[in-house]
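# give me the fold of what follows.
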Amino acid sequence: MNKKLPSVYAVPIEKTLHNNKEVFKSTEEGTRESRVDRKEIQEIFNSKTHVYKTRVKITTRNEIKEVDVVGETQNALLTLSGETIPLDVIIDIKKV
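Predicted coordinates for the structure are as follows:
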């Protein structure tokens, strides 16, 4: 049962179309653009001194703070105080 599809006539376009919009998108996050490397975070959690928590100094886009890091998800760090810090906002992380 092969059904023949109806034929379709495509009208040729002979004029210039101007129905597109020009898009420009920019994000300015400050002067520091480098993100924290996943390897740095793994070194903190795999160190011999990390038993349950590790005190770290985290530099984000908006602030610098010291927190006790207890775990991580695929896209965030978990702190002892219950705070979730997304990895995409972390610029630098250092052990204290």
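
# mind listing the strands for this protein?
Per DSSP state E, the chain carries strands over the ranges 54-60, 64-72, 76-79, 84-86, 90-95.

# of these, which is nearest residue 36?
For residue 36, the closest of these is strand 90-95, at 4.5 Å, according to Cβ to Cβ. In this view, the C-beta of every residue, glycine as well, is placed from N, C-alpha and C.

# may I see the buried residues of that closest one?
Buried residues in strand 90-95, counted by 16 or more other Cβ atoms under 10 Å: 90-93.

# who touches it?
Identification of contacts with strand 90-95 by Cβ atoms under 8 Å, 6 or more residues apart in numbering yields 32, 34-36, 40-41, 44, 47, 54-61, 77.

# out of those, which end up buried?
Buried members of the contacts of strand 90-95, scored by 16+ other Cβ under 10 Å, are 36, 41, 44, 54, 56, 58-60, 77.

# got a markdown table for those residues, with distance to residue 84 and pLDDT too?
Formatted as a markdown table, the buried ones among the contacts of strand 90-95 follow (distance: Cβ to Cβ, whole Å; pLDDT from 0 to 100):
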| residue | distance to residue 84 | pLDDT |
| --- | --- | --- |
| 36 | 15 | 81 |
| 41 | 14 | 90 |
| 44 | 17 | 92 |
| 54 | 16 | 95 |
| 56 | 15 | 96 |
| 58 | 12 | 94 |
| 59 | 17 | 92 |
| 60 | 12 | 89 |
| 77 | 7 | 95 |
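
# make a markdown table out of the residues you listed and add distance to residue 9.
Compiled in a markdown table, the buried ones among the contacts of strand 90-95 are given as follows (distance: Cβ to Cβ, whole Å):
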| residue | distance to residue 9 |
| --- | --- |
| 36 | 58 |
| 41 | 60 |
| 44 | 66 |
| 54 | 70 |
| 56 | 67 |
| 58 | 63 |
| 59 | 63 |
| 60 | 59 |
| 77 | 60 |
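
# what's the farthest-apart pair in the residues you listed?
Farthest pair in the buried ones among the contacts of strand 90-95, by Cβ to Cβ: 54 and 60, 17.4 Å.

# could the strands of the chain go into TSV alongside distance to residue 10?
Output for the strands of the chain, formatted as TSV (distance: least, Cβ to Cβ, whole Å):
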stretch	distance to residue 10
strand 54-60	54
strand 64-72	54
strand 76-79	50
strand 84-86	48
strand 90-95	52
